[in-house]
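Asks: Sequence and predicted model, in that order:
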Number of protein chains: 2
Amino acid sequence: MATARPKVIVVGAGFAGLNAVRKLTKLDVDVTVVDRKNHHTFQPLLYQVALAVLSPAEIASPIRSIFTRRKNVEVLLGEVMAFDLAGKKLRLKEGVELSFDYLVVAAGATHAYFGHNEWEHFAPGLKTLEDALEIRRRVLLAFEQAELKAATGNGKTPLNFVVIGGGPTGVELAGAIADIAHRYMRHDFRTIEPQLARVILLEGGPRVLAAFPEDLSVSAENQLREIGVEVRTNTLVTEVGEGYVKMGDERIESAVTLWAAGVAASPLGKLLSAPTDRAGRVQVESDLTVPGHQNVFVAGDLASFTDRGKPVPGVAPAAIQMGKFVARQIARDLEQQPRETFHYVDKGSLATIGKSKAVADLPWNIHISGFFAWLAWLFIHVAFIIGFANRLFVLSEWAWAYVAYKRSARLITDRR
Amino acid sequence: MATARPKVIVVGAGFAGLNAVRKLTKLDVDVTVVDRKNHHTFQPLLYQVALAVLSPAEIASPIRSIFTRRKNVEVLLGEVMAFDLAGKKLRLKEGVELSFDYLVVAAGATHAYFGHNEWEHFAPGLKTLEDALEIRRRVLLAFEQAELKAATGNGKTPLNFVVIGGGPTGVELAGAIADIAHRYMRHDFRTIEPQLARVILLEGGPRVLAAFPEDLSVSAENQLREIGVEVRTNTLVTEVGEGYVKMGDERIESAVTLWAAGVAASPLGKLLSAPTDRAGRVQVESDLTVPGHQNVFVAGDLASFTDRGKPVPGVAPAAIQMGKFVARQIARDLEQQPRETFHYVDKGSLATIGKSKAVADLPWNIHISGFFAWLAWLFIHVAFIIGFANRLFVLSEWAWAYVAYKRSARLITDRR
């Protein structure tokens, strides 16, 4: 009889979970990955699916395929309903129970509507492939409906696209919509003029990209205006409804409204019965464990952690570093080494603005704007994409999109 | 003032409609294409999307993009609700009216459940991209659910896939599922053995591919059996429900049931108030017009036409030929030439069986089976795919799928 190998369950196959598993597969452990989706989504490019530049399969990989060759990894499609940390087991919605020696919870974040969940229907956010396909459907339908109305002599529809929230996602969405409307679609319609579409970015605070240095916020605003985005800062949305957005007394007609104003931690954080912060993130120990449970880690956007006085941001590089760190701590346990303290290495931040603009906040206080920042963004993102084949395909798709204003991703598939 | 150019409305952008429009754009007419979908679907490859080999954008093209450069074509996304042939206009569900000088109705066909529409929920058919994505979801979920159950010690689920109907679509679906289960998925699961999945093809008549010569039916059955499909002819399905199929007293458990047993013409045929056949297809004159309406054509699967004693089959080449014929008749009207009589040129039929097998019924009574028939199928289908870029991508995707058992299309996206 073999002695039992430690069983590690990783909940969530985002950047944190995936990187934890990759390192764990090399240890003498059995790993089970549990995710509600069957695929890992490369979130930084999700907005390109939403704006019909890339197709879902180009930015997502089935989790099962990623680990096909790693025989000590079992992938299960399921949704966690309850944790029993003392009993070292968890229960899935599908009615089955799984037991573990180690647990890594990396369930990420979701949209937050700050007490206005009824807005979600009118202003979807962008976290999953399904979200991206729904946004794609709405954006393309807005143009189609305006054309149908105009072509049959039934008047003009204001083609306004309103993006709420001026963080990186909002800036990327607004920039991409402006590109689509003002450049890509210009020759596709006979009656409406897509280049007259208005793209309005609303930000509650005093500047877009608040997490970036101030000069880059200014640069981002200028770059957005150059490609035709109306940027309005210090603008608080008070109501979102069918076809409109209200800011106090002001009302804007909106063909499509998108939400990029806030994220909240996955509800799984609360299920751990651990202390959480205001956003629902789990306040973890210095080794990213849940207080009182040395064998339970939280990694990625679900973890609330302050490193040398600075909160670790909810970005992909932090999630990747946390995932790897957690796997290393389990390895150290097996070697009977003491645990370490997590440190976040900030390699800089990037936000892209349309087809060839961006801002980059790099180490040593280097700030870049415009085309070179965008080139940096391109290479970093292509390099990170899961799987070599995908990478080549995405590059060739992009190259083709540039040359030919490719349209093959512009499909409206109905909700059933 | 310019004299009014004739207005041609083409309803439906399948093979018939698309080919009519392509020829019409070269005439001195204004063309309006109306379709419920924003994309043309390359139907012969739809089953490859259903079985997660190709992605939607690889077999579909936005109609608007196909005609971007043809300035006399207006594309409208809408659903026809009523025709007024005497008044030369039609009404869309979206509440607008369009008038025409010529009308081409090429709305195609849909599934027929022969009075058992309640079966559709349990056994979807394959006509649209949405159908293909739903089938993909069900097939992939069946494997995932079986793995989850088995891995957590909750017993074995019979992994049976039942395809109802032994025509070309049924044969293609059954062959592709067998390939997926027995070859592609073999290394992806840790607990279940996908190669033990059963694929059962049920045909009510005495042989599969009834429209093909008898020797090719025999060959197709043998090829299906070689790749592990259980073929059952003379088997009438009497009930389809959640997780099972009944044939009289016999009941088979079924993880996924697919319907490929019958098609009916689009309901638009009935709206034309013209004589229709049993399948709801419009019985057209020798120039494919609706009796009594020289300016109203029906083309493609919606047309019922007998050419020199033989009914024209509902296949892509017939639809393409009809579409071109209709455009030519309108051209002849403009040149004050008399109308012609439609003749179908049968260039043969092909049905593919899994990854490298097929049967081909070619002119001069040439029958081919196996790999060379499959090669013929490959070249014909790639050659027909809309758009040069797509063609290259699909070829490279296929090449890659062969070398690497590519998995990127294996995404389960939920219904919202």
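Replies: Yes, it's here. Not measured: the values here are computed from a predicted model.
Asks: which element is the closest residue to residue A:357 other than its chain neighbours on?
Replies: Among residues not flanking residue A:357 along the chain, residue A:223 sits closest, at 4.5 Å (CB to CB, 6 or more residues apart in numbering or on different chains). (Glycine included, C-beta is placed from N, CA and C.) Secondary structure assignment for residue A:223, by DSSP states H and E: helix A:214-226.
Asks: Counting by contacts, list what that helix packs against.
Replies: Under the contact criterion of 3 or more CB pairs under 8 Å, 6 or more residues apart in numbering or on different chains; DSSP states H and E, helix A:214-226 touches helix A:168-179, strand A:229-232, strand A:349-353, strand A:357-362, strand A:366-369.
Asks: Tell me which of these sits most buried.
Replies: Burial of the helices and strands packed on helix A:214-226 is given as mean neighbour count (mean count of other CB atoms under 10 Å in any protein chain shown); helix A:168-179 ranks first at a mean of 27.
Asks: Just the mean pLDDT for that helix, thanks.
Replies: The predicted model assigns helix A:168-179 a mean pLDDT of 94.
Asks: Identify the residues contacting the nearest residue to residue A:354 once chain neighbours are set aside.
Replies: Of all residues not flanking residue A:354 in the chain, residue A:175 sits nearest, at 3.7 Å (CB to CB, 6+ apart). Residues near residue A:175 by CB atoms under 8 Å, 6 or more residues apart in numbering or on different chains: A:223-224, A:227, A:229, A:352-354, A:357.
Asks: how about the helix or strand where residue A:375 lies: buried residues?
Replies: Under the criterion of DSSP H and E, residue A:375 resides in helix A:371-384. Residues of helix A:371-384 classed as buried by neighbour count (16 or more other CB atoms under 10 Å in any protein chain shown): A:373-374, A:376-378, A:381.
Asks: so which of those residues comes closest to residue A:185?
Replies: Comparing these against residue A:185 with CB to CB places residue A:374 closest, at 21.3 Å.
Asks: where's that closest one relative to residue B:286, distance?
Replies: Distance, residue A:374 to residue B:286, by CB to CB, to the nearest Å: 61 Å.
Asks: What average pLDDT does the lengthiest helix in chain A get?
Replies: Secondary structure of chain A read by DSSP state H shows that its longest helix is helix A:129-151. On average, the pLDDT along helix A:129-151 is 94.
Asks: Spell out for me which residue occupies the centre of chain A.
Replies: Nearest to the geometric centre of chain A sits residue A:43, at 4.0 Å (CA atoms, centre = their mean).
Asks: From chain B, how far off is that one?
Replies: 15 Å (CB to the nearest CB, to the nearest Å).
Asks: I'd say that residue and residue A:14 touch.
Replies: Yes. Contact criterion CB atoms under 8 Å: residue A:43 and residue A:14 qualify, at 7.3 Å.
Asks: about what we covered before: save the contacts of residue A:175 as a markdown table, and put in distance to residue B:132 too.
Replies: Listed next are the contacts of residue A:175 as a markdown table, based on distance: CB to CB, whole Å:
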| residue | distance to residue B:132 |
| --- | --- |
| A:223 | 40 |
| A:224 | 38 |
| A:227 | 36 |
| A:229 | 36 |
| A:352 | 32 |
| A:353 | 35 |
| A:354 | 33 |
| A:357 | 37 |
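Asks: in the helix holding residue A:223, what's buried?
Replies: Of the residues in helix A:214-226, those buried by neighbour count under the rule 16+ other CB under 10 Å are A:216-221, A:223-224.
Asks: what about that helix, distance to the chain center?
Replies: On the basis of CA atoms, centre = their mean, to the nearest Å, helix A:214-226 sits 22 Å off its chain's mean C-alpha point.
Asks: What of stretch A:320-331?
Replies: Using CA atoms, centre = their mean, the offset of stretch A:320-331 from its chain centre is 21 Å.
Asks: contacts for that stretch?
Replies: For stretch A:320-331, the external contacting residues (CB under 8 Å, 6+ apart) are A:6, A:8, A:15-24, A:27, A:29, A:102, A:104, A:106, A:287-288, A:297, A:299-300, A:303, A:312, A:339-340, A:342, A:344-345.
Asks: Please pick the buried ones from those.
Replies: Using 16+ other CB under 10 Å as the burial test, the contacts of stretch A:320-331 include A:6, A:8, A:15-24, A:27, A:29, A:102, A:104, A:106, A:287-288, A:297, A:299-300, A:303, A:312, A:339, A:342, A:344 as buried.
Asks: if you look at those residues, which of them are in strands?
Replies: A:8, A:102, A:104, A:297, A:303 (DSSP state E).
Asks: Can you give me the pLDDT of the first one?
Replies: Predicted confidence (pLDDT) for residue A:8: 98.
Asks: show me the contacts for residue A:47.
Replies: By CB under 8 Å, 6+ apart, residue A:47 lies in contact with A:126, A:132, A:169, A:172-173, A:176.
Asks: Nothing else from me, thank you.
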